[in-house]
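In: Provide a 3D model corresponding to the input given below.
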Amino acid sequence: MTYFIHKFITGNHISNNLYNGIYFGQVKQVNDIIDSYGFSYEPQWEEGYDLLCVAINSRNMDVAKLLVKKNCKLEGVGRGQSKSFKSLIRVAISHGDAELVGMLLERDTRKMWLEDLLVHQAVYAGRRDIVRLLLERGANVETRNLAMMTALHLAAVQGHADIVKELLTSGADIESQDRDGRTSLFLAVSAGHKMVVKELLEQGADHECKFNGLKPLYVAASKGYVDIFRTLLAFGADFDGTNDFGQTPLHIACVKRRDVLVSSLLEAGADVNATDLKGMVPGNAVYKRGNSYRNFSRSTVPFMLAKHFSALKAGGLFLNEENNKVLQSFAHRLFLTFSDNDAYIQGSEFLDSTMECCKAEICKMKKIKNGSGFSVYNIFQKIERPTAIVTVKEISFLESIDLDNELPNYKHILRRFITRAKERRSLVSSGEEWFSLFLNHSGDGPVTLPQEVRLMIVSFLNDEELKQLIFCGKQLF
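Out: Just a heads-up that it's a prediction; the model follows:
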């Protein structure tokens, strides 16, 4: 305010009245003075440019619009100060009045503003309406700043999901990378903006993109962004894929003691036997040699892993040598239980109790049978057979069981198996169709095989081989 008092309070009551009218938003007073004296009345008015600056900076937008309508100058000659149209419109955008910005754009016949980063400025201000206005007037949606960030990158970092949607609707490249090689999705995940992540995924963003060897799912796991992590999983992010160090998301979640994320990954079917480039399994991060119970006394991760390992062993499922060592390490430690009195429990005691429960559930699986005579256990034995085919009747039977109450220690393993069984049936069916096409286009003429035989042949292929068969078929036919 000191600057403007020096500039306008000059002993001339007309100048003082005009300045006060602008500063305090007196539209009628300003209008009357300009109609009576015009912008040329005082040299320091700069033909209205400085008056417009006062109006915008004091956030009296109605006065600012009046000055623009009265054809005040949109550029001035300053004393070492920027008095360009660009600087004027930047201030208007930062104060967030779309109507005023539109009026200023109408007055700029040279379109000089197109060379500036005004869309970025509107994103900073969080103004979707101004972003839309600028794009409609011809702004380039792919313009980049010095960090090679587009407006979409900036909107992702700032957390403006509505602006992200606007930019994508206007043709922004969803996979464009900034100077460091980060996509908008990676930036949004890193910044923890759940709604932006969801919007980008719904618009088809690649959730397997990498930066410094890390995928978005790993970043969410490392930072503990539970909602974002689950959103990425829901959109099909690969929870068994590895980063450049051979680590899976489960490795990261265990290293960071992310209880909820470890639980989500185990429910989804993450492989506890996966080893990184150093030969370490996820459990090694929890049970390091020399660790006392104090290192993880407030984490449920050790208990979750121990229960999962026990379920695998009791069910005769694979548990590698390193995980068996981890399990032995658990047995020789004290753990703090999460009871009201914060009692300690010996690891071996917990394991014995858990193993008994798991064995009891295996016996229960053998007793739960459908009308045709096969049991849950008969289906359960197919879990580790990569080419096993589960019938529709078997899938329906498993889905009819209240797994939460009947088989709580195996519910996640069985649910994941049901999902995989359905996926495999779909792959086998599709693979059989493409296999039939290959046979019909063979060099020696069409080969006729019954569908049952074709299905039997392709059922010997594992999932990856089936995907390759389908891919080749789509490429050739």
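
In: ranges for the helices of the stretch 351-477 of the chain?
Out: 376-380, 392-399, 403-406, 411-440, 451-458, 463-476 (DSSP state H, counting those that start in this stretch).

In: restricting to C-alpha, output the fifth one in PDB.
Out: Included here for helix 451-458 are C-alpha records, laid out as PDB according to Å, rounded to 0.1, in the frame of the first residue of the first chain:
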ATOM      1  CA  GLN A 451     -13.000 -79.600 -29.300                       C
ATOM      2  CA  GLU A 452     -12.500 -81.800 -26.200                       C
ATOM      3  CA  VAL A 453      -9.100 -82.900 -27.700                       C
ATOM      4  CA  ARG A 454      -8.100 -79.300 -28.500                       C
ATOM      5  CA  LEU A 455      -9.000 -78.200 -24.900                       C
ATOM      6  CA  MET A 456      -7.000 -81.100 -23.500                       C
ATOM      7  CA  ILE A 457      -3.900 -80.200 -25.600                       C
ATOM      8  CA  VAL A 458      -3.900 -76.500 -24.700                       C
END
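
In: in that helix, what counts as buried?
Out: Across helix 451-458, burial judged by 16 or more other CB atoms under 10 Å covers Arg454, Leu455, Val458. Where C-beta positions appear, they are placed from N, C-alpha and C, glycine not excepted.

In: quick one: residues contacting the first one.
Out: I take that to be Arg454. Glu432, Phe435, Ser436, Leu439 (CB atoms under 8 Å, 6 or more residues apart in numbering).

In: what's near enough to touch the closest residue to it other than its chain neighbours?
Out: Nearest residue to Arg454, sequence neighbours excluded (CB to CB, 6 or more residues apart in numbering): Glu432, at 4.9 Å. Shown in contact with Glu432 (CB under 8 Å, 6+ apart): Gln451, Arg454, Leu455, Val458.

In: distance check, the spatially most central residue of the chain against Phe229.
Out: In the chain, the centroid-proximal residue (CA atoms, centre = their mean) is Val197; its distance is 3.4 Å. The gap separating Val197 from Phe229 is 10 Å, by CB to CB, to the nearest Å.

In: lowest confidence element among the helices and strands of this structure?
Out: Lowest on mean pLDDT, DSSP states H and E among the helices and strands of the chain sits helix 2-8, with a mean of 44.

In: centre of the chain versus the following helix or strand past that helix, how much separation?
Out: Counting by DSSP states H and E, the element after helix 2-8 in chain order, helix or strand, is helix 13-23. How far helix 13-23 lies from its chain's middle: 52 Å, per CA atoms, centre = their mean, to the nearest Å.

In: I'd like to know how far Leu277 sits from Gly213.
Out: Separation of Leu277 from Gly213 (CB to CB): 11 Å.

In: overlap of the contact sets of those two?
Out: The contact sets of Leu277 and Gly213 overlap at Phe245 (CB under 8 Å, 6+ apart).

In: contacting residues for the closest residue to Lys474 other than its chain neighbours?
Out: Excluding the flanking residues, the one nearest Lys474 by CB to CB, 6+ apart is Trp434, at 7.8 Å. Taking CB under 8 Å, 6+ apart, we find Trp434 in contact with Leu469, Ile470, Cys472, Gly473, Lys474, Phe477.
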